[in-house]
Each structure stands twice: as structure tokens, then as C-alpha cells.
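J.: need the 3D shape of this:
(chains A and B)
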Amino acid sequence: MKIVLDHLQVQQGEWSLLVNGTFEEGIHLVSGVVGSGKSTLALAMAGIFTPSQGTVKREGIKTLMLSTQFPEFHITRLSIAEECASWGLDYKDVIRSARLKVDGNVSPLSLSRGELKRFHLACILAREYDLLLVDEPFSSLDCIEKELLCRELSTHDSGITIIFTHEQSIFPHVDHLWEIDAGELCALGRLPGALTRWQRAPALIKKLTDLGRCPVNLTPDAIREAACRIHE
Amino acid sequence: MQDPRIRLASAALISVAAFISIWGALAVLLWWLLFTPRMRRVKNIRVVTGMLVLIGVIAVLIWISGGDGLSYFLRFGVIVLVGTWLYTEQKPGDFLAVSVWAGKNRWGFELGMIGECAMQIAELLLCDYARIRIAMKLKGEDWGVRTLVPLCLILIHDALMRADEIAELLAVRGYRNGGVCCPVFCTGTLDQVSGICAICVFFFSIVPVSEFFILSM
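T.: Numbering: from 1, shown residues only, chains lettered A, B, ... in the order given. Reported below is the predicted structural model:
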């Protein structure tokens, strides 16, 4: 099971994005600054956006899901119960999973942005997909919710999970690291080796790698462990 | 057409002309062919085609039930084409400029601003519709009567929410009523010619065709 991006090019005026790479099973983190083209790449991988050039080949992928940055874009029903049903889910399970204290008759659009994000992510993560594309999953979430989401995402051990984010502090367990830099997607490789090649790495990761205490992964526990090694 | 005053007035006149009679609709169609870029600048040609198909279906139903389906199709089809042209040519600020020119800085400004907000919401409705289509595609949902009603309600809900937010934003920024706007219009020769032709089309539609010809037995 893999997704192959062959000389994919997106051109919009002066801005452009060039992508070449193969995403295999595991958890991939695609990092890049705001406006670098992460969302565009996610849409192209999902087959919703047609790039100017190149091809997207999905091999052995039968089920696909894209979670966009804005949770309200996914709402197609007027109540939480109906919305959950449109995902093929029972609303009581979703409400419990999203840690919401609402009734099934409530409109999902009446939730706050953070609550709606939690609700949407709970719907997405309730099912297994061969290819799961998650665009900015940490936006609108507080630190506690980010950590809970990271734990949830880290348990995804089947299929291809690709997380597109500019997050700089809280990450899930990641197998492969990618970076969009200067209009091009660069494959940085597997962790922990990829961390030393990360151009726009978070300050803490950069500091740790500079001190030769490279964390084994990006999870809070792994970073804490590497930080503790400094004083050894 | 550069001058929004002539554009809006022409659109109003020829829409009435097309509605009044089949001859008026044909004259408007000729006007549309001569003075507009036709379908070249239309942003969403599928929506226009869909509307024309819908009118065609209704026209067939009218024809089957013994009515004048052809007249219905021509008149309303032409009105859709005029509306599409007006929407495509519309630029941000046109409504405000024309309203202030016609109704000065108090009521004209208010009406113009409402028109501008409505145009903005119409644009965003199309974006919302596209997003909902993507969301449904991702969920593997099919289009149908059961999904159509909640989708329309979501679109209306979003539009009302947006209108509410705009109103709150204006209030927070201290807006009470009226405003100052000094519109500048650029009227080209083609604007004048097409405007005069639109007036002619309007009169042609309200005067019976037989009046143009000397019919003697």
C-alpha cells in the first residue's frame, strides 16, 4: 500500500510547489510554514485538487479520508446525531470520544470551534482508513487536547497516515518526516535520523540535536527523555 | 461594459423586455450576442447550464400540459443569460457606487452596502456549496432528496451567520447609518451604444410587432 507523487507541480502565479515522493505505510509528518502548500498537497493527494503537472498514484488504497483544517467544512447535517449517522457512527460513542457534553439534537454548527474540531476528529478517527490525510489537526485545540489527539494518532499502526502541520510543540509518534521548503517537498527520512536534517525544526528539537541529544521521536515523552540526557 | 450605471439599467430594461414577450426575448438575445462577452467570462458554466436545463425541463412540462413551452424557455432562458452576464461583469464596489450616485450618501450608501454584502454572500454560498460537495464525496454520500433539504438549510444557516457577523462587526466599528463615497464612472462609447440599444429593445418589446409593419389587405 503506497501513494506515489510523480513530478507533481502546482503553480499559482508566482507561487509554486514541486513534489516527488512515495508515502508508504506508517505515520508521516509533513511540516512547512503557513502558505507553503500543505493544504494544497493534501487536497491533491485526496484527488480533490488537480495539479498543473504530474500524477498521484494510489496503489492498494481502497479507503481514503481527508480531514481539512476547518471542521465546519465537513458538516452536512443539522444535528449531531444525524451528522454522526452520515459517518456511519453512533452519536453517543462520538460524543463520549470527543468529550462533549451535548445532546444529539444540538446543531453541530452551534458548537464552539474547538468543540467542533474535537467532534470532527472523533468522527474521522473512529474508523480505519487505508489513507488518512489530516490537515492541521492541532489547530483550535488547547495543549491538553493536542496531547490527547497525539496519543490517538500514535495508535494508528495500519495504513498510511499523513499529518500536515506547522505545529511546533506537540507531536504524535512519527515514522517518516517530510518538509516543504522553498517550494519543494523534501523527504527527510525516518526518525530519529530525519530530525538532524529538519531545516525549520522547532527550537527545542534544534537545540537537542545541536547538543547531540537527538530524541528518538517527536512525542512529548521522547523529547523529555532527550532533554533529561543533557544533564547526564 | 465599464459603467455600472448603464450596465444595471440595461440589465433591468432588457430583463423586463424579455419577460414581456417572445419577440422581446429574441431582441434581448440579439442584444446579448452583440454587446456582452457571452459565456467567455462565466466563472461557473456548469451552474448556468444546470439552470438552463432546469428551465428546459419545465418548458417541456408546460408544452406537454398544453401551454406555450417554447415561449417560457426563450423568455426565462434569456433572463438567465442576462443575469449571468450581470453577475459576471459585476465588480466589488459597483453596487455601492451606483447607489450613492442615485440615492446620495445616506440611503444610497445604505442600499449600496446591503447590495455589496448580498453579492459577497452569494459568492461565499457557491464556495460553501463546493465544500459540502467535497465533504459528501469524502463520506461516500449520494445526492438525493434526503440530503438536499439539510444541505440547503446549512447553506441558509451559514449565510445568516455570516450576515449576523458582518452586522456585529459594523456595529463594533462604530457604523450607525450612511457614509461618504465619491464614485467615479468611466463611460465608453460602447457603453452608450449598448445602453441606447437596450432602451430600443425595451420599447420594441412593449410595442406590438404588427405596429412596425404596414399590414394591409
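J.: quick one: name whatever helix or strand follows the longest helix seen in chain B.
T.: Ranked by residue count and defined by DSSP state H, the top helix of chain B is helix B:109-139. Using DSSP states H and E, the helix or strand that directly follows helix B:109-139 along the chain is helix B:145-172.
J.: list the buried residues of that following helix.
T.: For helix B:145-172, a neighbour-count test (16 or more other Cβ atoms under 10 Å in any protein chain shown) marks B:147, B:150-151, B:154-155, B:157-159, B:162 as buried. No exception for glycine: its C-beta is placed from N, CA and C like everyone else's.
J.: put together CSV for those residues, with pLDDT and distance to A:Met45 on each row.
T.: As requested, the buried residues of helix B:145-172 are arranged in CSV below (pLDDT from 0 to 100; distance: Cβ to Cβ, whole Å):
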residue, pLDDT, distance to A:Met45
B:Thr147, 80, 26
B:Pro150, 84, 29
B:Leu151, 86, 26
B:Ile154, 87, 26
B:Leu155, 89, 28
B:His157, 86, 31
B:Asp158, 86, 27
B:Ala159, 88, 31
B:Arg162, 88, 30
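J.: tell me the one of those residues nearest chain A?
T.: For the buried residues of helix B:145-172, the residue nearest chain A by Cβ to the nearest Cβ is B:Pro150; the value is 5.0 Å.
J.: please report how far the closest one lies from B:Tyr175.
T.: Using Cβ to Cβ, to the nearest Å, B:Pro150 is found at 34 Å from B:Tyr175.
J.: contact residues of chain A facing chain B?
T.: Contact residues, chain A versus chain B (Cβ under 8 Å from any Cβ of the partner chain): A:46, A:48, A:64-66, A:73-78, A:82, A:86-87, A:107, A:109.
J.: contacts only, for the spatially closest residue to A:Gly26 that is not a sequence neighbour.
T.: Once flanking residues are discounted, A:Gly26 sits nearest to A:Asp175: 3.6 Å by Cβ to Cβ, 6 or more residues apart in numbering or on different chains. Going by Cβ atoms under 8 Å, 6 or more residues apart in numbering or on different chains, A:Asp175 touches A:26-28, A:190-191.
J.: tell me how far A:Asp175 lies from A:Ile160.
T.: Distance from A:Asp175 to A:Ile160, by Cβ to Cβ: 10 Å.
J.: any shared contact partners between the two?
T.: Contacts common to A:Asp175 and A:Ile160, judged by Cβ under 8 Å, 6+ apart, are A:26, A:28.
J.: which element is residue 18 on?
T.: You didn't pick a chain, so chain A it is. strand A:15-24.
J.: my bad, the chain I had in mind was chain B
T.: Per DSSP H and E: helix B:4-20 holds B:Ala18.
J.: hmm, who's touching the strand holding A:Leu18?
T.: By Cβ under 8 Å, 6+ apart, the surrounding residues in contact with strand A:15-24 are A:1-10, A:35-37, A:40-41, A:44, A:54, A:160, A:162, A:176, A:178, A:180, A:183-185, A:187.
J.: from those residues, which ones fall inside strands?
T.: Residues of the contacts of strand A:15-24 located in strands (DSSP state E): A:2-10, A:54, A:160, A:162, A:176, A:178, A:180, A:184-185, A:187.
J.: and those residues, which are buried?
T.: A:3, A:5, A:8, A:10, A:160, A:162, A:176, A:178, A:180, A:185, A:187.
J.: what sits against the residue nearest in space to the middle of chain B?
T.: In chain B, the residue lying closest to the centroid (Cα atoms, centre = their mean) is B:Gly83, at 3.1 Å. Counting by Cβ under 8 Å, 6+ apart, B:Gly83 touches B:11, B:15.
J.: need phi/psi at it.
T.: Dihedral pair for B:Gly83: phi -60, psi -40, per degrees, to the nearest 10.
J.: state the pLDDT value of the residue nearest to A:Ser154 when sequence neighbours are not counted.
T.: Nearest residue to A:Ser154, sequence neighbours excluded (Cβ to Cβ, 6+ apart): A:His173, at 3.9 Å. Per-residue pLDDT puts A:His173 at 95.
J.: what does B:Arg131 give?
T.: On the pLDDT scale, B:Arg131 is placed at 86.
J.: so what's the residue lying closest to it once chain neighbours are set aside up against?
T.: Spatial nearest neighbour of B:Arg131, excluding adjacent residues (Cβ to Cβ, 6+ apart): A:Phe73 at 4.5 Å. Going by Cβ under 8 Å, 6+ apart, A:Phe73 touches B:131-132, B:134-135.
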